[in-house]
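A.B. asks: Got a sequence here, can you build the structure:
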Amino acid sequence: MSEVYAITNLEGYATQMRDAAAKSLSENHNDNLDEYVSIDQIINLVKNECVGFDDENRPLLDEDTNEKIFENTAVWIHNVGLAKLAAQDLVECAWDDKSNEMIFWAKEKRKSNAKPKSRRKNKKSEG
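C.D. replies: Now for the predicted structure:
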């Protein structure tokens with residue numbers, strides 16, 4: 001069993017966790033991270049995932065829980081990023097009932113001089 005640690009500065013921990021998760025996705029992230037996940041949301045994640053609380057009501061974490069919080073934070077940032085791209089119509093998305101999750105894929109780009117494919121075939125008049 002790994003050692004358990006109390007988080008003495010929860011806001012500082014949440015800020016560092018969010019920054020580390022964002023850097024794991026993109027070293028040059030310049031976005032406002034509050035638009036992806038707030039510090040309060042990370043704090044709630046920590047409180048929900050921690051192994052317990054000490055007698056001063058500080059969250060207790062072990063190595064596995066710390067890693068789980070990091071992974072959940074990175075996934076959260078990644079998913080919000082995908083949703084933003086879909087809202088800007090830069091990627092396609094749909095709900096997959098089988099996997100019970102949203103799926104995303106790259107939009108197909110048409111060549112600028114290409115005409116959209118017609119669904120009907122034109123018949124030439126006979127005469």
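A.B. asks: and the residue lying closest to residue 63 once chain neighbours are set aside, how far is that from residue 99?
C.D. replies: Distances taken as Cβ to Cβ, 6 or more residues apart in numbering place residue 2 nearest to residue 63, at 4.5 Å, with adjacent residues excluded. In short, each C-beta sits where N, CA and C put it, glycine included. Noted for residue 2: a distance of 32 Å to residue 99, by Cβ to Cβ, to the nearest Å.
A.B. asks: Show me which of these two is the more surrounded one.
C.D. replies: residue 2 (11 against 8; other Cβ atoms under 10 Å).
A.B. asks: correct me, but the more buried one touches residue 67?
C.D. replies: No: using Cβ atoms under 8 Å, residue 2 makes no contact with residue 67, being 10.4 Å away.
A.B. asks: So the residue nearest to residue 63: helix, strand or coil?
C.D. replies: At residue 2 the chain is in coil, as set by DSSP: H, G, I helix; E, B strand; the rest coil.
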